[in-house]
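*Asks:* build the 3D model from these lines:
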Amino acid sequence: MPRRPGRAAAKRAAAKLESTPRALEEIEDEAMPDVGASDAEQQAEPEQQDNEEESGVEPEENQESDGVSAKSPTPPPQPIRKRRLGRPPKNRPPDWDSLPLETPHRDPNDPPRRRGRGGWRGRGGRKGASYQPTQQTIDKEGNMMDIVDDEVALPEDPEGETKVDKLGNLQGGREYRCRTFTVAGRGDRLYMLSTEPARCVGFRDSYLFFTKHKRLYKIIVDDDEKRDMIEREIIPHSYKGRAIGIVTARSVFREFGALIIVGGKRIIDDYEVAKARAEGVVEGELADPNDKFVEGEEYNKNQYVAWHGASAVYHSGAPSVPMQNGKVDIKKRRVNVTDVNWQLEHAREASRFNAEIGAIRRQNLSGVYDVHTNMMLYPATMQPTHARFEQVADSTVPTGSARFPPLDPKIPRNFKVIDMYMESPPAGLSPAVYEDREAPSFLAEFQGLGAVSKDILDELPPECRKAFETALDKENSWKAKWGPESVMAHRRPPIIDAAIVPYSRI
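*Replies:* Here you go, the predicted model:
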């Protein structure tokens, strides 16, 4: 490892940085010509020197100067040192504090410089400037649409245009579920605070509101617009330092339709009517059945305003994004169980648990998607346990069923026709008889009523013995329908050609 320099090296470096020249007392400066000397005087001096050289006489001043120059060279003139503005150097010269300050040379016509860091400040340039995009992505594929009048220019629906005008005013007596207002400098167009329609349709905040619905354009108001909104009591004074986002009321109605209308009904209050009808929406159905609306009374629009209590949605345990199946998982409330209410609470919890199990079972009936196999899985209770194939000799014979009428002989002659019948076991039959499941060895002999021994049957009364034999006959007749697969399913061992698939006969 090389040796680190010590104090001697630091002293030598400080001596090199010291830029103050040492005084030369024995050396005199040369006489400098006057600045205001005329050109005639400068021309006369060379002529006089030429005459003296021709005559061979040298002046005494020249002899003295030659003598001085022979001793040592004349040092160049040293400039006057000054202190520069700003942070002082790390290694200061000894006379640093006594040096005069250096004033920067600037053109008086140049604009004054700003304090702080300069350079590029992102999209909006310097602080305070706003960036207004002209296009916006409206889907995951990256398709761009122009922004006109503070909203995305989407294709218009002829029937939907009769329900709202270009400024966002609803027609036909309809009313928004959120507050609307105008913004200073933006004309008579109606706007909404982005948080209010977000909470109205089920979102927690406006970030997910604009992320999930890319056809909405978010506008950030400037300081003048914000000050005007505070004076009109649209937002509280405490919001003067926050970034306030707004969105046009017309674009919200075009995106959500009847969901943003008081008492809105599908198709009747929707903007995209043709799209809703193509999706099979029931006309006249309430868009939000959970909305509290009493006809004839004033609708409470402040329920979606944060400073009027709408922010309590953050503490309800509800999901930040609306669920597709409409279920909202609310956190379980805690109840102090005492010796007085324990039976009531026990019954309530049992009822709630049974309801949850029933909902899960009903949901499983429609199948569960398995991401690993890309298949829909269904419960075993919905799967067939046995299969039986029966060949129909004459397809023209009446079947007595409206679903399976007699076939033309040409069809079974050219095609394979399979009619599927689903048959359930008779009532009262034990599941151990028809379920295809593996039983443990000690229960292998007890599959059905036939496993009951004769000694136990002799102990039964006559009426019970008769009922038991009737149930046993049903069980045996049901079992007789299902034989081995080689017979009932028309299966046979595979025929292996030794010439194609050789195998050992040993």
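*Asks:* confirm that residue 276 sits in a helix.
*Replies:* Yes: counting by DSSP: H, G, I helix; E, B strand; the rest coil, residue 276 is located in a helix.
*Asks:* from residue 176, how far out is it?
*Replies:* Distance of residue 276 to residue 176, given as C-beta to C-beta, to the nearest Å: 19 Å. C-beta coordinates here come from the backbone N, C-alpha and C atoms, glycine included.
*Asks:* what lies in contact with the helix ranked longest in the chain?
*Replies:* As assigned by DSSP state H, the longest helix anywhere in the chain is helix 342-365. Residues outside helix 342-365 that contact it (C-beta atoms under 8 Å, 6 or more residues apart in numbering) are 335, 337, 378, 379, 382.
*Asks:* next one, pLDDT for the residue lying closest to the last one once chain neighbours are set aside please.
*Replies:* This points to residue 382. Leaving aside its sequence neighbours, residue 382 sits nearest to residue 365 (C-beta to C-beta, 6 or more residues apart in numbering; 6.9 Å). pLDDT recorded at residue 365 is 85.
*Asks:* what about residue 365, distance to residue 359?
*Replies:* Distance of residue 365 to residue 359, computed by C-beta to C-beta: 11 Å.
*Asks:* ok, now residue 146?
*Replies:* Per C-beta to C-beta, residue 146 is found 46 Å from residue 359.
*Asks:* residue 475 against residue 451, yeah?
*Replies:* No: here residue 475 lies out of contact with residue 451, judged by C-beta atoms under 8 Å, at a distance of 10.6 Å.
*Asks:* these two: which is more packed in?
*Replies:* Shown here are residue 475 and residue 451; by other C-beta atoms under 10 Å, residue 475 has more neighbours (22 against 11).
*Asks:* can you tell me the element that one falls in?
*Replies:* Using DSSP states H and E, residue 475 falls within helix 462-480.
*Asks:* buried sites along the next helix or strand after that helix?
*Replies:* Following helix 462-480 in sequence order, the next helix or strand is helix 485-488 (DSSP H and E). Of all the residues in helix 485-488, not one is buried under the rule 16 or more other C-beta atoms under 10 Å.
*Asks:* which residues does helix 485-488 contact?
*Replies:* 387, 388, 389, 482, 491, 492.
*Asks:* again, only using 7 Å
*Replies:* Contacts with helix 485-488, where a contact means C-beta atoms under 7 Å, 6 or more residues apart in numbering, come from 388, 389, 482, 491, 492.
*Asks:* stretch 468-479 now?
*Replies:* Applying C-beta under 7 Å, 6+ apart, the external contacts of stretch 468-479 come out as 425, 426, 428, 429, 433, 434, 448, 449, 450, 457, 460.
*Asks:* about what we covered before: now the longest helix of the chain - C-alpha only, CSV.
*Replies:* What follows is helix 342-365 as a C-alpha-only set of coordinates in CSV (Å, rounded to 0.1, in the frame of the first residue of the first chain):
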residue,chain,number,x,y,z
TRP,A,342,-74.9,-15.2,24.4
GLN,A,343,-77.7,-17.3,23.0
LEU,A,344,-78.8,-14.5,20.6
GLU,A,345,-75.2,-14.0,19.4
HIS,A,346,-74.6,-17.7,19.0
ALA,A,347,-77.7,-18.0,16.8
ARG,A,348,-76.7,-15.0,14.8
GLU,A,349,-73.2,-16.3,14.2
ALA,A,350,-74.5,-19.8,13.2
SER,A,351,-77.0,-18.2,10.8
ARG,A,352,-74.2,-16.0,9.3
PHE,A,353,-71.9,-18.9,8.9
ASN,A,354,-74.6,-21.0,7.2
ALA,A,355,-75.3,-18.2,4.8
GLU,A,356,-71.7,-17.8,3.9
ILE,A,357,-71.4,-21.6,3.2
GLY,A,358,-74.5,-21.5,1.1
ALA,A,359,-73.2,-18.6,-0.9
ILE,A,360,-69.9,-20.4,-1.5
ARG,A,361,-71.6,-23.6,-2.6
ARG,A,362,-73.9,-21.7,-5.0
GLN,A,363,-70.9,-20.0,-6.5
ASN,A,364,-69.1,-23.3,-6.9
LEU,A,365,-72.0,-24.7,-8.9
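*Asks:* tell me the helix or strand right after it.
*Replies:* Where DSSP H and E defines the elements, the next helix or strand beyond helix 342-365 is strand 368-370.
*Asks:* helices or strands up against the following helix or strand past that next one?
*Replies:* Downstream of strand 368-370, the next assigned helix or strand under DSSP H and E is strand 375-377. Where contact means 3 or more C-beta pairs under 7 Å, 6 or more residues apart in numbering; DSSP states H and E, strand 375-377 is packed against strand 368-370.
*Asks:* now for the strand it packs on, which elements pack on it?
*Replies:* Using 3+ C-beta pairs under 7 Å, 6+ apart, strand 368-370 is in contact with strand 375-377.
*Asks:* now do the very next helix or strand once past the strand it packs on, average pLDDT.
*Replies:* Sequence-wise, the next helix or strand downstream of strand 375-377 (DSSP H and E) is helix 410-414. Per-residue pLDDT over helix 410-414 has a mean of 85.
*Asks:* list of residues touching helix 410-414?
*Replies:* For helix 410-414, the surrounding residues in contact (C-beta under 7 Å, 6+ apart) are 395, 417.
*Asks:* next: stretch 395-406.
*Replies:* 407, 409, 412, 419.
*Asks:* let's see 6 Å
*Replies:* Stretch 395-406 is contacted from outside by 407, 412, 419, using C-beta atoms under 6 Å, 6 or more residues apart in numbering.
*Asks:* which of the residues you listed tops the neighbour count?
*Replies:* Among the contacts of stretch 395-406, the one with the most neighbours (other C-beta under 10 Å) is residue 407, at 18 neighbours.
*Asks:* got the contact list for that one?
*Replies:* Listed by C-beta under 6 Å, 6+ apart, the contact partners of residue 407 are residue 395.
*Asks:* helices of the stretch 51-200 of the chain, residue ranges please.
*Replies:* Applying DSSP state H, counting those that start in this stretch to the stretch 51-200 of the chain gives helices spanning 60-71, 195-200.
*Asks:* worst mean pLDDT among the ones you listed?
*Replies:* For these, mean pLDDT drops lowest on helix 60-71, to a mean of 47.
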